[in-house]
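Sequence plus the predicted model coming up.
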Amino acid sequence: MWPAFLWLPLLLVAAHPGEGNLQDLQDGQVYGVGPPAPSGTSVPFWVRLTPELVAVPPGDSVWLNCSHSCPLPATSSLRTPLRQGQALRGPGWVLYQLLEVRAWSSSVDCLVTCAGQTREATATINAYKRPRSVVLEPAVLVGRQYTLRCHVTHVFPVGFLVVTLRRGGRVIYFESLERFQGLDLANVTLTHVVRAGPQDLWQPLTCHARLNLDGLVIRSNSARVMLTFLAWSPTSIALASTSILVTVGLLLGVGAASLRKYLAMQPQA
């Protein structure tokens, strides 16, 4: 027979079943086991898409890595106007391939859903190509005007290109090509006619190509071209030669007449 003081706790528990367990849970998990988190409860996690900014030549492909810290099985997807290729997956990361990037600037979003919550990270892909060459043709003078032709080759995007002509360091003409919206490498030729004056001779002429890419500025310049008498066209040279010959003939005629007059005025020996 057990002593009476040992029976008292058993009688109390029997009289109030379940109260002790409820109190234990309310007092902070006496047994160290808590209730499971309900489905849909948010779990802290981060999402990264790297590299955040990448530049490629137009038509190239690129890989982006979408990583996350979700401790639970997560779903990942990509939102972009670019064409997608392969996707390689591992624990906490997905590598996405984007094919034939031709737009100047494209935004890419990686969306990861973890425990019912979706977060995203963003990257930007730029496609551009600095000019392969900038060539200013020798100027050709016709009459009192000369023509300048500047060739900018294999450049993209043309719509962000500004071509400038300078004479002696001073801008004499520029043109923005924002009306061109093509998605391929292109060659551009700028032609401009300038009225010539005596002050223009021996002045250096240059052509400048500038790509303004939303804060990124790429500059390319041509070699210097000098405007000289050698720039005259054959017609101009022929006209100039004729004028020179006529002028020389007139001078010789005037000189001969003056000489004869001078000799006639001398006293006879």
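Received, thanks.

By mean pLDDT, point me to the weakest helix or strand of this protein.
helix 19-26 (a mean of 35; mean pLDDT, DSSP states H and E).

Can you list the strands that the very next helix or strand once past it pairs with?
Using DSSP states H and E, the helix or strand that follows helix 19-26 towards the C-terminus is strand 47-50. Looking at strand 47-50 with DSSP bridges, its partner strands are strand 62-68 (antiparallel).

I'd like the mean pLDDT over the strand it pairs with, please.
Averaging pLDDT along strand 62-68 gives 97.

okay, that strand in PDB with CA atoms only?
The C-alpha trace of strand 62-68 is given here as PDB (Å, rounded to 0.1, in the frame of the first residue of the first chain):
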ATOM      1  CA  VAL A  62      24.500  35.400 -71.900                       C
ATOM      2  CA  TRP A  63      24.100  33.400 -68.700                       C
ATOM      3  CA  LEU A  64      22.500  34.800 -65.600                       C
ATOM      4  CA  ASN A  65      22.600  33.100 -62.100                       C
ATOM      5  CA  CYS A  66      19.500  33.300 -60.000                       C
ATOM      6  CA  SER A  67      20.300  32.300 -56.400                       C
ATOM      7  CA  HIS A  68      18.200  32.300 -53.200                       C
END
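
For it, list every residue counted as buried.
V62, L64, N65, C66, S67, H68 (16 or more other CB atoms under 10 Å). Just so you know, the C-beta spots here come from the backbone N, C-alpha and C atoms, and that holds for glycine as well.

what sits up against the next helix or strand along the chain from it?
Per DSSP H and E, the first helix or strand lying C-terminal to strand 62-68 is strand 75-79. Outside strand 75-79, the residues that touch it by CB atoms under 8 Å, 6 or more residues apart in numbering are 64, 66, 68, 84, 89, 94, 96, 108-113, 120.

can you count the residues close to Q117?
The local packing of Q117 (other CB atoms under 10 Å) involves 15 other residues.

Over to F156?
F156 has 23 nearby residues by other CB under 10 Å.

just the one 10 residues further on next, same as before
A total of 20 residues lie near R166 under the criterion other CB under 10 Å.

Inside strands: which ones of the contacts of strand 75-79?
Among the contacts of strand 75-79, the residues falling in strands (DSSP state E) are 64, 66, 68, 84, 89, 94, 96, 108-113, 120.

Could you point out which residue ranges in the stretch 151-269 of the chain have low pLDDT?
200, 229-269 (pLDDT under 70).

Among the contacts of strand 75-79, the buried ones, what's the PyMOL command?
Buried residues among the contacts of strand 75-79 (16+ other CB under 10 Å), as a PyMOL selection:
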select buried, resi 64+66+68+94+96+108+110+111+112+113
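
so where do the helices sit in the stretch 101-250 of the chain?
With DSSP state H, counting those that start in this stretch, the ranges of helices along the stretch 101-250 of the chain come out as 234-264.

can you pull the contacts of A209?
P131, V134, V152, V155, L161, V162, V163, R219, S220, N221.

how does it look with 7 Å?
Taking CB atoms under 7 Å, 6 or more residues apart in numbering as the contact definition, A209 lies against P131, V134, V152, V155, L161, V163, S220.

do R89 as well
Per CB under 7 Å, 6+ apart, neighbours of R89: none.

For it, name its beta-bridge partners.
V94.

what do you get for N212?
Here N212, judged by DSSP bridges, has bridge partners V217.

Quick check: D60 is in a strand.
No - read with DSSP: H, G, I helix; E, B strand; the rest coil, D60 is coil and lies in no strand.

wait, it sits on V101?
Yes - between D60 and V101 there is a contact under CB atoms under 7 Å: 6.1 Å.

and which of the contacts of strand 75-79 is nearest to T206?
V108 (39.4 Å; CB to CB).

can you count the residues close to the nearest residue to that closest one once chain neighbours are set aside?
Distance criterion CB to CB, 6 or more residues apart in numbering; nearest residue to V108, sequence neighbours excluded, is T80 at 4.3 Å. Using other CB under 10 Å, T80 is surrounded by 16 other residues.

Just read off the phi/psi values of T80.
Dihedral pair for T80: phi -160, psi 150, per degrees, to the nearest 10.

Now do the same contact list for it.
L98, S106, V108, D109.

and what of W202?
M226, T228.

Done for today, thanks.
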